[in-house]
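> Quick one, what's the 3D model for this:
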Amino acid sequence: MLSSRTLLVMAAVCFLFTLAIPTAALTVGEDETSDDVVLEPTSSYAELDGSNELVLDFDGFNGNTAFVTRDVFTISVGEDADNIEAVWIDHDVEGVAFYADGSEIAPESRLELSPGDSQTIDVTVDTHVAKSTTETFTVVVEYEDEEDDQESDIDGSSLSVSPTTVEAGETVTVNATYRNDGDGWGVETARLTVDGTVVDQRTVALSSGEKQTVSFERRMEWPGTYEIGIEGVGYQSVTVAGPQVEVSSATIDDATITAGETADVRATVRNPSDRRIERTLELSVDGIVVDTRTVSIPANGERAVTFQRSFDEPGTYAIEVSGVDAGTVTVEERAGFDIRNRELSPMTTAALAPPATAGLLFLAIAANRRWSFVR
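As a prediction, this is how the structure comes out:
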């Protein structure tokens with residue numbers, strides 16, 4: 001079992017499709033709560049290396065596939081850890097998700113573990129979306145407040161958007177500063193929006209009096225004028241010049257499906273210019289980008305693009321493709337549905353353009369008396 005009596009952080013490395021990169025060390029500190037939560041490999045995809053780091057090796061799953069790897073590792077709570085309220089895994093990598101008993105482990109869906117409990121973790125990877133990359137995962141441990149009157153008060157300010165006039169294909173940088181004016185730890189999610197659609201997000205964890213600048217970069221590919229900013233902080237108009245390539249239509253093949261089924265969303269991109277142009281289309285569900293496709297459109301021609309999106313929860317969802325309304329999908333309930341009995345299509349909460357560089361993924365646990373993240 002992975003254990004550490006003096007480390008604040010227990011590190012684990014996950015190699016996604018690439019094994020030729022050495023393990024990187026994390027700086028750690030000391031804390032009396034370091035025994036509260038431990039990681040333990042429970043499958044052939046996970047092992048402890050010489051540095052006592054948990055290595056997840058998915059090199060055998062190269063290619064455009066979606067797969068579920070069950071019972072990869074466990075998260076265990078110590079017998080004496082009676083002040084833990086919740087545990088979850090936080091990350092911003094599209095195409096990768098962690099599950100426990102069929103439910104995704106995320107800030108919105110947390111594990112509630114009692115002293116002595118151990119939870120087996122499944123890992124899902126969709127290589128249509130996930131690419132070899134270097135990202136950071138954090139296992140977050142939430143503790144009960146030692147004092148009931150300690151609360152966080154995190155606000156964002158000092159929004160800046162630059163430049164405000166660009167050519168199609170150029171990048172806009174958006175910055176904001178978050179500060180915690182409360183007397184306790186807290187977390188806030190900074191969400192980058194374009195015309196109200198969430199296209200990127202970052203998690204900010206701050207102690208009392210701490211501040212942090214959050215920076216986003218957004219590649220602007222479609223001509224027009226857009227309101228770009230950070231949700232709850234502000235926005236600014238940005239004008240994009242260039243050939244008037246546009247999504248001329250967006251439709252849904254079947255507007256009513258059953259939970260667990262996939263909806264096909266079709267879009268047509270038109271290029272009226274006299275040269276071939278490459279553009280990235282974004283599929284959004286209820287105002288959040290969940291998938292992307294990069295296509296090349298011939299001069300004076302069109303290109304058809306199809307997104308496939310699965311829906312696990314009943315409800316009605318609004319669908320758009322790069323700002324063009326495709327309609328709604330109604331998802332009806334199906335009795336006895338188990339997410340682990342099928343392969344998954346793209347399932348990220350906020351899709352980013354996948355990085356092109358190969359690398360490794362870090363998985364780490366952070367613990368403090370209330371909240372703590374590894375950054």
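
> Any stretches of the protein with poor pLDDT?
1-35, 49-54, 58-67, 127-137, 145-149, 335-375 (pLDDT under 70).

> And the residue nearest the centre of it?
Residue closest to the mean C-alpha point of the chain, counted by C-alpha atoms, centre = their mean, is residue 92 at 2.8 Å.

> what about that one, which helix or strand?
Using DSSP states H and E, residue 92 sits within no helix or strand.

> how far away is it from residue 289?
Distance from residue 92 to residue 289, counting by C-beta to C-beta, to the nearest Å: 12 Å. Using the backbone N, CA and C atoms, a C-beta is placed for each residue, glycine as well.

> Next: residue 114.
Counting by C-beta to C-beta, the separation of residue 114 from residue 289 is 37 Å.

> Give the bridge partners for residue 246, please.
Counting by DSSP bridges, residue 246 forms beta bridges with residue 270.

> how many other residues sit next to it?
Neighbours of residue 246 under the rule other C-beta atoms under 10 Å: 18.

> again with residue 318
The tally of other residues near residue 318 (other C-beta under 10 Å) stands at 13.

> ok, what's across the strand from it?
Note on residue 318: beta-bridge partners by DSSP bridges are residue 328.

> Residue 77 too?
residue 37.

> what's it in contact with, if anything?
By C-beta atoms under 8 Å, 6 or more residues apart in numbering, the contact set of residue 77 is 36, 37, 84, 87, 113, 114, 115, 116, 117, 118.

> Of the residues you listed, which belong to strands?
Residues of the contacts of residue 77 located in strands (DSSP state E): 37, 84, 87, 118.

> doesn't residue 76 make contact with the second one?
It stands for residue 84. No. Judged on C-beta atoms under 8 Å, residue 84 makes no contact with residue 76 at a distance of 11.3 Å.

> Now the common contact residues for the two.
Taking C-beta under 8 Å, 6+ apart as the contact criterion, the common neighbours of residue 84 and residue 76 are residue 37.

> tell me the domain boundaries of this structure?
Using automatic domain parsing, the domain parsing of the chain gives 9-134+358-366, 154-241, 246-341.

> could I get the ones in strands among the contacts of residue 77 as a markdown table with neighbour count and distance to residue 275?
Output for those, formatted as a markdown table (neighbours: other C-beta atoms under 10 Å; distance: C-beta to C-beta, whole Å):
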| residue | neighbour count | distance to residue 275 |
| --- | --- | --- |
| 37 | 21 | 55 |
| 84 | 22 | 58 |
| 87 | 23 | 52 |
| 118 | 13 | 59 |
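
> of these, closest to residue 333?
Using C-beta to C-beta, residue 87 is the member of these that lies nearest residue 333, at 28.7 Å.

> Could I get the contacting residues of that closest one?
37, 75, 77, 105, 110, 111, 113, 139, 140, 141, 142.

> what sits opposite the residue nearest to residue 233 when sequence neighbours are not counted in the beta ladder?
Nearest residue to residue 233 in three dimensions, chain neighbours excluded: residue 156, at 3.9 Å (C-beta to C-beta, 6 or more residues apart in numbering). Beta-bridge partners for residue 156, by DSSP bridges, are residue 178.

> count of neighbours near residue 156?
The tally of other residues near residue 156 (other C-beta under 10 Å) stands at 19.

> just residue 103 next, same as before
Residue 103: 12 surrounding residues under other C-beta under 10 Å.

> Distance-wise, check it relative to residue 111.
Residue 103 sits 9 Å away from residue 111, taking C-beta to C-beta as the criterion.

> Checking the residue of the chain positioned farthest from its centre next. Helix, strand or coil?
Relative to the centre of the chain, the most outlying C-alpha is that of residue 274, 37.5 Å out, by C-alpha atoms, centre = their mean. What DSSP: H, G, I helix; E, B strand; the rest coil gives for residue 274 is coil.

> State the distance from it to residue 244.
The spacing between residue 274 and residue 244, counted by C-beta to C-beta, is 12 Å.

> again, but for residue 144
57 Å.

> which non-adjacent residue is nearest residue 155?
The spatially closest residue to residue 155, leaving aside those adjacent along the chain, is residue 179, at 6.4 Å (C-beta to C-beta, 6+ apart).

> give me the number of residues near the one you found?
For residue 179, the neighbour count with other C-beta under 10 Å is 17.

> start to end distance for stretch 105-120?
Start-to-end span of stretch 105-120 (C-alpha to C-alpha, to the nearest Å) is 11 Å.

> for it, the distance to its chain's centre please.
19 Å (C-alpha atoms, centre = their mean, to the nearest Å).

> re the thing from before, need the contacts of residue 77 in a markdown table (columns: distance to residue 252).
Shown next, in a markdown table, are those (distance: C-beta to C-beta, whole Å):
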| residue | distance to residue 252 |
| --- | --- |
| 36 | 46 |
| 37 | 43 |
| 84 | 43 |
| 87 | 37 |
| 113 | 40 |
| 114 | 44 |
| 115 | 48 |
| 116 | 48 |
| 117 | 42 |
| 118 | 42 |
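
> Show me which of the residues you listed is closest to residue 255.
Comparing those against residue 255 with C-beta to C-beta picks out residue 87 as the nearest, at 38.1 Å.

> Quickly list what that closest one is bridged to.
Under the criterion used (DSSP bridges), residue 87 bridges to residue 111, residue 141.

> Could you report the separation of it from residue 71?
Using C-beta to C-beta, residue 87 is found at 18 Å from residue 71.
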